[in-house]
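>>> sequence first, predicted model second:
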Amino acid sequence: MASVTVIAFAFAAVLNERAGSYGIGIWELLAWSMATIASTGVGLLLATRRRTNPIGWLLLANGAIIATMGLAESYADYAILANPGALPGASWGVLFGQRAWPLLFAAITAIAWIFPDGRLPSPRWRPYAIAGAASYAILLLVSLLAAERFEEPFVGQSSPLPELPESVVAIPFMISGLGALATLFGGALAMRTRLKRSAGIERLQFRWLAYAAALIPAAVATCLIEIEISGNDGSATTVALVVALTAVPIAIGVAVMRYRLYEIDRLINRTLVYAGLTAGLAAAFAAVSLGLGLAIGSGSTLPTAVATLIVALLFGPLRARMQLLVDRRFNRARYEGLRMVEGFLADLRAGRAAPEQVGAVLAGALGDSELELLFSLPDGTEVDTNGRVVESAAGDGRARTPVRRGELPLAAVVHDEALGQRPDLLESVIGAAGLAIEIARLRVEVRRQLAEVEESRERIVTAGYEERRRLERDLHDGAQQRLVSIGLALRHLQGQLPAETEQAEILDSTVGEVSRAIAELRELARGVRPAGLDDGLATALQALASRSRLRIKVEATGERFEERFETAAYFVASEALANAAKHANASHVAVTARRHNGGLVVSVRDDGVGGAAPSPGSGLAGISDRVAALGGSVTVASPTGKGTLVTAEFPCG
Amino acid sequence: MRVVIAEDQALLREGLGRLFRDAGHEVTDAVADADRLRAAISAREPDLAVVDVRMPPPFSDEGIRAARWIRDAHPSVGVLVLSQHVEAAGAVGLVSQGGFGYLLKDRVLDVADFLEAAERVAKGGSALDPQVVASLVGGDSDDALRALTKREKEVLSLMAEGLTNNAIARRLVLTERTVEGHVRSVLMKLDLPENADAHRRVLAVIAYLRAVEATG
């Protein structure tokens, strides 16, 4: 259909050229060629990209109709007026050019009925749609067949079709004409119905159409002004008409394709700004040149130059002022929202606000107190500002707007669905807060990772203590018991032999070896984990103290704590005692274990040489790491010559 | 001597049974857990129960708890608890009542000493493992203990193990009179009244050790 249109159009243009003064003027040609191109181009795009939506095909048809009618008129102009008899079937051109006008309305009216999704507003409209289509078909038919004279300059021409007399066509003509008119109004009614119940995207689609439609009265106004000033319509009128005729199909295309649908508010906004700006600058130019012209006399180029300079100087500040004015007047919410975000960013830079507050600021700026800002982590989970994982099922009446930087999803704003109708507001406010969102997300992510690492460190240490316990059990209940059994069996054998024999002596010394192996295993197991810990920290510390060659005073509470804390506390005391014995040259040591502020505090104080410091890799440093892993801390106070105090605190017992 | 053995490891249980049978004692029952031990004690009323400290199901201190139960339900039955490790909370308290012993498992390899301790316990005496005694005495936690000579500490330990003066003399290769002198000296230094009864001596020592432990 598009190629038919193009051929028809090209042919029409050529014929028009050949028709010379009988053809239409260049401006008129430009106007209807623009209308054809816009209609066909958008129609082609929609028909290929949105095959199921008939609007594309209707636009294509519209383009073809305009082109064909243009061809018909040019054909008649050339074949009858400019070069009579040069081409056959000139009367068809006349007939089509003058009588096929119902087609011009048909496609446009049909589009009005099914805009924007290609369907009727409801099934109830179907019979009326069929009646409307029939009306147009009959109107076209009777228009073509009516026995009526052609208009100038083809009054003498006769129709190539059979002509029906006035008495036959009058009534069908009237009825179908009224039907076609009603269908035209029906289209308007359908649009109004759809507009009233539209929301979200559909409303935006209508806004696009409305924006383009508003250009038509603007074009009419331009036309009137031009006629008023210059006495006839000329280039200004044509330009305005071309813009209006082109804008409507393009707006339909944007609406149906949903391409940059959300730009409509910005477009309206910009139009208002630049229209205001143009008016303001024109007024300034006129006032200055007129004023100066009166002052220094006309004919000088000076007033024009000064006025141009002033306009150029005014452009920047006036544009900003106009934007502000338009925003304040027509987009108060965006204006206030952006101001709030700017204020927050200033506070952020000055250190008066934390990046995590960005969610609350967005809630204020967008006027949605239930707004949630969810940060997207690299592993695909979403967390709130406190790092808690949120199962993000946007609830009823809530919508999500993703925040991205390039391909990387930063966050999602879960907001009131109604805000979806203000995409300009959402986009600009979220965009302005983008940097703060990204900083907040990074901080949340780091905090979360730190918490995870701390948790895993604690698990590892606890698992280590568990492993020690298991090892100790295995040594005691496995290897050690087995050795005792072996020893017993050997003793039994020995009992069977006469005493004083060499075999009996060998067996005896072997049993002695087994005994020593058992004793060594017992020491090994105690080093892994003292069994006394099963009976509590106090028992284990007593046993620890009793094995030391130092004089140790133990003051330990009989209270029980979680096993991992007791175990860690035991090893702190064990390490500190070992240090006191090995390095501190101490003689007296006091070991205490008590509950303090709900936690467990273990301290070991010796009277040695002091000067101890837990260097990396030392036993005490390793112990400190494990205590820290459990959320506790180890402090070492060791002034030279004044002994050493090692204290370990655990937050909870 | 009629003996009931409770030990969850089959090999060790058999070895222990053979040990007692080789020495001419009667092993009436050899069981694997605390419930069967109670049943066997109630049924047989033996002279001695040899009990593993850890038994299924929870493997913690079933032996000690079974010992307490026997002490209450069948006071005439001596209880010898065998343990894998020195730490023995709860055992010390039972020793002070007599008819109770607490020995490390590998003591069974010193057959003669072990059987002697077992018979002592069966007769209502005491037996505390030398290592346990050492851990209680070795803490140097009090000046009074520090005042003892090395020989006196040895004697005190053997007293704590439940040995008589005669047995101590044999163990240390001393004359009984010398041992008596050491015992008097120890009891004097620890400020304990002298008493001829062997068990009362142990009682006294243990009471003292517990006091030491309690004050830390």
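Everything's here; your move.
>>> from the chain's centroid, how far away is stretch B:107-119?
With C-alpha atoms, centre = their mean, to the nearest Å as the basis, stretch B:107-119 stands 11 Å off its chain's centre.
>>> buried sites along that stretch?
Of the residues in stretch B:107-119, B:107-111, B:113-115, B:117-119 count as buried by neighbour count, 16 or more other C-beta atoms under 10 Å in any protein chain shown. C-beta: built from backbone N, CA, C; applies to glycine.
>>> and if you look at stretch A:111-126?
Buried, per 16+ other C-beta under 10 Å, within stretch A:111-126: A:111-118, A:121, A:125.
>>> out of the residues you listed, which comes closest to chain B?
Distance to chain B, by C-beta to the nearest C-beta, is smallest for A:Asp117 among the buried residues of stretch A:111-126, at 72.7 Å.
>>> show me what contacts the closest one?
By C-beta atoms under 8 Å, 6 or more residues apart in numbering or on different chains, the contact list for A:Asp117 reads A:53, A:202.
>>> ok, back up a step: of all pairs in the buried residues of stretch A:111-126, which one is the farthest apart?
Greatest spatial distance in the buried residues of stretch A:111-126: A:Pro116 and A:Trp125, 15.1 Å, computed using C-beta to C-beta.
>>> ok, now which ones touch the residue nearest to B:Ala32 when sequence neighbours are not counted?
Leaving aside its sequence neighbours, B:Ala32 sits nearest to B:Asp8 (C-beta to C-beta, 6 or more residues apart in numbering or on different chains; 4.8 Å). Residues near B:Asp8 by C-beta under 8 Å, 6+ apart: B:32-33, B:52, B:54-56.
>>> in a strand, B:Asp8, correct?
No. Using DSSP: H, G, I helix; E, B strand; the rest coil, the assignment for B:Asp8 is coil, not a strand.
>>> how far away is it from A:Leu471?
Distance, B:Asp8 to A:Leu471, by C-beta to C-beta, to the nearest Å: 20 Å.
>>> for chain B, which spans come out with low pLDDT?
Low-confidence segments of chain B (pLDDT under 70): B:57-60, B:87-90, B:92-93, B:96, B:134-146, B:190-216.
>>> show me how it divides into domains.
When chain B is parsed with automatic domain parsing, its domains come out as B:2-128, B:134-215.
>>> so where do the helices sit in chain B?
B:10-22, B:34-44, B:62-73, B:91-95, B:111-122, B:130-137, B:143-146, B:150-161, B:165-172, B:176-189, B:198-215 (DSSP state H).
>>> in CSV: the ones you listed, plus distance to A:Ala440.
Compiled in CSV, the helices of chain B are given as follows (distance: least, C-beta to C-beta, whole Å):
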stretch, distance to A:Ala440
helix B:10-22, 65
helix B:34-44, 61
helix B:62-73, 58
helix B:91-95, 61
helix B:111-122, 73
helix B:130-137, 59
helix B:143-146, 65
helix B:150-161, 69
helix B:165-172, 78
helix B:176-189, 74
helix B:198-215, 58
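>>> A:Asp379: which of those is closest?
For the helices of chain B, the distance to A:Asp379 is smallest for helix B:62-73, at 48.0 Å, taking C-beta to C-beta.
>>> helices or strands up against the closest one?
helix B:34-44, strand B:48-52, strand B:78-83, helix B:91-95 (3 or more C-beta pairs under 8 Å, 6 or more residues apart in numbering or on different chains; DSSP states H and E).
>>> dump the ones you listed into CSV; add distance to B:Ala127 and mean neighbour count as well.
Converted to CSV, these look like this (distance: least, C-beta to C-beta, whole Å; neighbours: other C-beta atoms under 10 Å in any protein chain shown):
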stretch, distance to B:Ala127, mean neighbour count
helix B:34-44, 19, 17
strand B:48-52, 11, 27
strand B:78-83, 7, 26
helix B:91-95, 8, 21
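>>> low-confidence ranges in the stretch 351-500 of chain A?
For the stretch 351-500 of chain A, applying pLDDT under 70 flags the ranges A:392-394.
>>> so which residues on it come close to chain B?
Taking C-beta under 8 Å from any C-beta of the partner chain as the criterion, the stretch 351-500 of chain A approaches chain B at residues A:473, A:476-477, A:480-485, A:487-489, A:491-492, A:495.
>>> so which of the residues you listed comes closest to B:Ser126?
Closest to B:Ser126, out of all of those and judged by C-beta to C-beta, is A:Val484, at 22.6 Å.
>>> my guess is that closest one contacts B:Arg107. True?
No. Using C-beta atoms under 8 Å, A:Val484 is not in contact with B:Arg107, being 9.5 Å away.
>>> thinking again about what came up before, now the helices and strands packed on helix B:62-73 as a markdown table including distance to A:Ala129?
Below are those laid out as a markdown table (distance: least, C-beta to C-beta, whole Å):
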| stretch | distance to A:Ala129 |
| --- | --- |
| helix B:34-44 | 91 |
| strand B:48-52 | 96 |
| strand B:78-83 | 99 |
| helix B:91-95 | 101 |
